[in-house]
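Chemist: After the sequence you'll find the predicted model.
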Amino acid sequence: MNHGNSPSSVMYAELKQMGMSNRDVAAILLDSKRTFGESPLQNRIESRTQLSRSIVHVAPGSVNVGLFRDFRQSVPVLMGDLTAAWCKRNKGDADEALCARFAGESGLAMQRALATYNLDSTLYRNILLYIQNLELSSEANRALLYLMHFVVTGCTGDPALAARIVEQTSIERFDKAFQTPETRFDRSSDAPVEGQGMGLMRLVAGRMKGADAFYRLDEGEEGTIIGTFASGPNAINDVDVDVSREHARVYCKHGRWFVVGMGSLNGTMVISGADKSEHVVEPPMRERPVDYTPVPVEIFPTDTLCFGATTRFMVLPVMS
């Protein structure tokens, strides 16, 4: 298998785009005094071919974690070199630019790499949000945590390990632990706001499938068609086999969002995000009366749309 899209490959590629060579990154992160197989690790680092084959373009977990230096010590060194490399090429605030890069483009690239190997891309995204919400004294501190999250995940392919190391670093350096913000659910807060769209995130086994499984809904009255044969720019066909060819339609009218059945075989249901109550949008064909007429059901953020037996999507807000 070609591992050109592995978390490790993505990490080195993104850092190279920012001005760091594979060799320089590896020399900082790896403990060159150790051996790799029967040869000194330093030899692998200095050989472009061996570095590429044995360290950079490899499957998650291929490089023993014990070959890396303590990330809490090596990543700050990498941060210094990366900032210097960025400043040579660009103008402006390096810390803010690096934060934006790791929270955005590079973060999405890592999530896609994790999803390719069936690793937990959702956890990776969640830690990005925790870092984003930390009350830190400077963006330089935030950039360091973003980089550590990115690097540890890239080196190990283990987002859970990365999360632990990032939080430990945040506590030790900045006296800040990850905290879940306290909120109170208010259904009135789901009222449409100007400029707010909606999207659907595919759920599999109760978990978000990943960054590539988020679909923005068309905001016109024609809406978005969900089905196995749905096609075109306003269609979602990321569904299981018991979903009909054109199963349901989600659309916006006067700033409110609705789902309506399209004569599906196995029916559609909404599970309320507010109280987990179930609302039938369209019963299965075998249960429908002869004179059945589809009736739209209003949907809100955090609701779950259920198509057939197993296809699930969570409704999420999107700001334009």
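Modeler: Looks like it arrived, so ask away.

Chemist: Given the lowest-mean-pLDDT helix or strand in the chain, what are its sheet partners and their directions?
Modeler: The helix or strand with the lowest mean pLDDT-type score in the chain, counting by mean pLDDT, DSSP states H and E, is strand 207-208 (a mean of 75). Here strand 207-208 is paired, per DSSP bridges, with strand 196-204 (antiparallel).

Chemist: what does the partner strand contact?
Modeler: With Cβ atoms under 8 Å, 6 or more residues apart in numbering as the test, strand 196-204 has contacts from 208-209, 213-217, 219, 226, 236, 238, 250, 252, 257, 299, 301, 304-305, 312-320. The way it works is simple: take the backbone N, C-alpha and C, and place the C-beta from them, glycine included.

Chemist: Just checking the distance from it to the centre of its chain.
Modeler: How far strand 196-204 lies from its chain's middle: 13 Å, per Cα atoms, centre = their mean, to the nearest Å.

Chemist: Convert it to CSV, retaining C-alpha atoms only.
Modeler: Taking C-alpha atoms only, strand 196-204 is exported to CSV below (Å, rounded to 0.1, in the frame of the first residue of the first chain):
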residue,chain,number,x,y,z
GLN,A,196,-27.1,30.8,9.1
GLY,A,197,-27.3,27.7,7.0
MET,A,198,-27.6,24.0,7.9
GLY,A,199,-25.6,21.0,7.2
LEU,A,200,-25.8,17.2,7.8
MET,A,201,-23.0,15.2,9.4
ARG,A,202,-23.1,11.4,8.7
LEU,A,203,-23.2,9.3,11.9
VAL,A,204,-22.0,5.7,12.0
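
Chemist: Can you point out the buried residues in it?
Modeler: Neighbour-count burial for strand 196-204, counted by 16 or more other Cβ atoms under 10 Å, picks out 197, 198, 199, 200, 201, 202, 203.

Chemist: how far away is the last one from residue 267?
Modeler: Right, residue 203. Separation of residue 203 from residue 267 (Cβ to Cβ, to the nearest Å) stands at 18 Å.

Chemist: And the third one, by the same measure?
Modeler: Spatial separation of residue 199 from residue 267 under the definition Cβ to Cβ is 23 Å.

Chemist: Could you do the second one as well?
Modeler: Residue 198 is 22 Å from residue 267, where distance means Cβ to Cβ.

Chemist: residue boundaries of the helices in the chain?
Modeler: Using DSSP state H, the helices of the chain run over 7-17, 22-29, 41-46, 48-51, 71-89, 94-103, 105-116, 121-133, 139-156, 159-174.

Chemist: Buried deepest among the ones you listed, which one?
Modeler: Mean neighbour count, computed with mean count of other Cβ atoms under 10 Å, is highest for helix 139-156 among the helices of the chain, reaching a mean of 24.

Chemist: What score does residue 78 have for pLDDT?
Modeler: Residue 78 is assigned 97 on the pLDDT scale.

Chemist: Name the nearest residue to it, ignoring sequence neighbours.
Modeler: residue 28 (4.9 Å; Cβ to Cβ, 6 or more residues apart in numbering).

Chemist: my guess is the one you found meets residue 79, correct?
Modeler: No - Residue 28 is not in contact with residue 79 according to Cβ atoms under 8 Å; the separation is 9.9 Å.

Chemist: List the residue ranges of the stretch 101-250 of the chain that fall below the pLDDT cut-off.
Modeler: 180-196, 210-211 (pLDDT under 70).

Chemist: one more time with 50
Modeler: Scanning the stretch 101-250 of the chain for pLDDT under 50 picks out the ranges 182-190, 195.

Chemist: How about the contacts made by residue 284?
Modeler: When contacts are counted by Cβ under 8 Å, 6+ apart, residue 284 touches 264, 265, 266, 267.

Chemist: That should have said residue 43, apologies.
Modeler: 36, 50.

Chemist: Distance check, it against residue 7.
Modeler: 24 Å.

Chemist: Many thanks, have a good one.
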